[in-house]
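Peer 1: using only what follows, build the 3D model:
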Amino acid sequence: MSARSSPRRANGWRRDQQRRRWESRGLPCYICGRPIDYSLPSSDPYGFVVDETIPLKHGGTMSMDNQGPAHRWCNRVKSTHSLAWAR
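Peer 2: Below you'll find the model as predicted:
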């Protein structure tokens, strides 16, 4: 799948806007509950990423109701599993 056909990047402006909204709230990781250091790059294992509660692969949407702030590490552990499984 190319970047152009990825649902995550199909509307890059909207996704970036949602990311900024989550970042501005400064919330802890919604998977593990620990604080997120928002100054770390998103490539860092403990950097901030936006996670879809119900993965897009399983019919989830890119809405704020289906997202939460997470550490990259927690997001990777959760992968396409449920939020309950990851916790």
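
Peer 1: switch to C-alpha atoms for all contacts and neighbour counts from now on
Peer 2: Fine.

Peer 1: list the buried ones in the longest helix seen in the chain?
Peer 2: Longest helix of the chain, by residue count under DSSP state H: helix 12-25. Buried residues in helix 12-25, counted by 16 or more other CA atoms under 10 Å: R15, Q18, R19, W22, E23.

Peer 1: please apply the same query to stretch 34-54.
Peer 2: Residues of stretch 34-54 classed as buried by neighbour count (16+ other CA under 10 Å): I36, Y38, Y46, G47, F48, V49, V50, D51, E52, T53, I54.

Peer 1: do stretch 73-87 as well
Peer 2: W73, C74, N75, K78, T80, L83.

Peer 1: can I get the longest helix of the chain in PDB? Just the C-alpha atoms.
Peer 2: C-alpha atoms of helix 12-25 as PDB (Å, rounded to 0.1, in the frame of the first residue of the first chain):
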ATOM      1  CA  GLY A  12      -2.700  14.600   5.900                       C
ATOM      2  CA  TRP A  13      -3.900  18.100   7.000                       C
ATOM      3  CA  ARG A  14      -6.800  16.700   9.000                       C
ATOM      4  CA  ARG A  15      -4.500  14.000  10.700                       C
ATOM      5  CA  ASP A  16      -1.900  16.700  11.500                       C
ATOM      6  CA  GLN A  17      -4.700  18.900  13.000                       C
ATOM      7  CA  GLN A  18      -5.900  16.000  15.200                       C
ATOM      8  CA  ARG A  19      -2.400  15.300  16.300                       C
ATOM      9  CA  ARG A  20      -1.900  19.000  17.400                       C
ATOM     10  CA  ARG A  21      -5.200  18.900  19.300                       C
ATOM     11  CA  TRP A  22      -4.100  15.800  21.300                       C
ATOM     12  CA  GLU A  23      -0.700  17.300  21.900                       C
ATOM     13  CA  SER A  24      -2.100  20.600  23.200                       C
ATOM     14  CA  ARG A  25      -4.000  18.700  25.800                       C
END
